[in-house]
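Undergrad: Provide a 3D model corresponding to the input given below.
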Amino acid sequence: MAAVIFDDFDLTHFWSNSAYALEKYVEERFSRELLISIEQELGYKLPAAYIELMETQNGGIPANTCFPTGEPTSWAKDHIAITGISGIGYTKPYSLRGKLGSQFMLDEWGYPPIGVCVCDCPSAGHDMVMLDYSACGPQGEPTVVHVDQEDDYISTFLAPDFESFIRGLVNEEQYDTSAEDLQKDLARIEHGSLSPLLTELIARQPTLDFETIIRKICHQLATEKGFFALHADEVSLLLYDVQFLLYSQTHPVTSEADYLAAYPNIIALAKSEFSTGGYAPGFVKDWLASRRAAGKIIIPAGSLAFSEAYERALRQQLLQYCQPASDTIVLPK
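TA: Numbers count the residues shown, from 1 in each chain. Predicted structure coming up:
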């Protein structure tokens, strides 16, 4: 007799319910016709264990989001983490055929055509968990692998099949090193060497102590978040502003694409100690679009630059990061 999938494994409390999960992951129940359609579009037969799990809830965020590894990955020395599991459908962004689903990651992020991207990770696209059909063919039973986009798409074996992967998930509390990680981030922020590009940009701006300003802003950012990363919060927006101010003062920014290509080398993916080690391009694009829509970034002479009024206000704001709080300094007109 064939083994029963998930036999002696309680799926009752497998999923963690939240408004975010419902908005981004959880699809309605799928029909047999929808399943067949999705498989045909993907070009792969989905594992029976995956289908059975989706019958309990069609996509979502599991209560246990970490999987142990026998070797270091881009996430940690002994495990990887997932953000959610894709559902069978088209509607939700992270579903298999959603706008940010498997095909999007293959087409737009360059993930290898070895199978199906089934779990996204906290890095916002820079690593994924995939069903790997390389050895079994599109109709076979795939293994589960972790693929690291930042390390030339290196693949790390996780489990021989999807059921084993689900059974092997453990709670993030088992790997809670947040306090230790924050201290390491703060040490890099306070003392880490800057990228060559950032060093060059700061040297060309003697009117303010931009190194101190940037380190203090990053210290505030990491302290508030608990880790060093830029998103869409107010402190992150300020740091986007500072980077653009420095770059646009010495390098003609002829287009948005021009700046977006240069941006990673300032801090985000800089080959230096002072770096976030990754970033989500969408946040930078959204910041740039919002600044242009508000008239804060203009094209006065063929190049993108801050408006005179916004640059002045920004420089005034930055003084708080290089002067004692009791001092009041007004820039000369």
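
Undergrad: Could you use CA atoms for every contact and neighbour count after this?
TA: Will do.

Undergrad: Show me where this structure has its strands.
TA: Assigned by DSSP state E, the chain shows strands spanning 15-16, 61-62, 66-68, 79-81, 84-85, 115-120, 127-132, 143-148, 154-159, 297-298, 305-306.

Undergrad: ok, and what's touching the fourth one?
TA: Looking back up the chat, that one is strand 79-81. Applying C-alpha atoms under 8 Å, 6 or more residues apart in numbering, the external contacts of strand 79-81 come out as 65-73, 75, 121-122, 146, 172.

Undergrad: let's see it at 7 Å
TA: The contact list for strand 79-81, computed with C-alpha atoms under 7 Å, 6 or more residues apart in numbering, reads 65, 66, 67, 68, 69, 73, 121, 122.

Undergrad: Just the pLDDT at the residue nearest to the third one when sequence neighbours are not counted, thanks.
TA: This means residue 67. In this structure, residue 67 finds its nearest non-sequential neighbour in residue 169, 4.8 Å apart by C-alpha to C-alpha, 6 or more residues apart in numbering. Looking at residue 169, its pLDDT is 95.

Undergrad: count of neighbours near residue 169?
TA: By other C-alpha atoms under 10 Å, 18 other residues sit near residue 169.

Undergrad: And it, how far from residue 252?
TA: Look at residue 169 and residue 252: by C-alpha to C-alpha, to the nearest Å, they are 49 Å apart.

Undergrad: follow-up on the earlier one: out of the strands of the chain, the one nearest residue 244 is which?
TA: Taking C-alpha to C-alpha, strand 305-306 is the member of these nearest to residue 244, at 8.2 Å.

Undergrad: and that closest one, what does it pack onto?
TA: Where contact means 3 or more C-alpha pairs under 7 Å, 6 or more residues apart in numbering; DSSP states H and E, strand 305-306 is packed against strand 297-298.

Undergrad: Outside of the strand it packs on itself, list whatever touches it.
TA: Under C-alpha under 7 Å, 6+ apart, the answer for strand 297-298 is 291, 292, 304, 305, 306, 307.

Undergrad: if we go to 6 Å?
TA: For strand 297-298, the external contacting residues (C-alpha atoms under 6 Å, 6 or more residues apart in numbering) are 291, 304, 305, 306, 307.

Undergrad: can you pull out the helices in the stretch 1-150 of the chain?
TA: Assigned by DSSP state H, counting those that start in this stretch, the stretch 1-150 of the chain shows helices spanning 19-24, 32-42, 48-56, 102-109.

Undergrad: and the angle for the last one with strand 127-132?
TA: Looking back up the chat, that one is helix 102-109. 120 degrees (axes from the mean of the first three to the mean of the last three C-alpha atoms, to 10 degrees).

Undergrad: How far away from the center of its chain is helix 102-109?
TA: Averaging C-alpha coordinates over helix 102-109 and over its chain gives two centres that are 15 Å apart (C-alpha atoms, centre = their mean, to the nearest Å).
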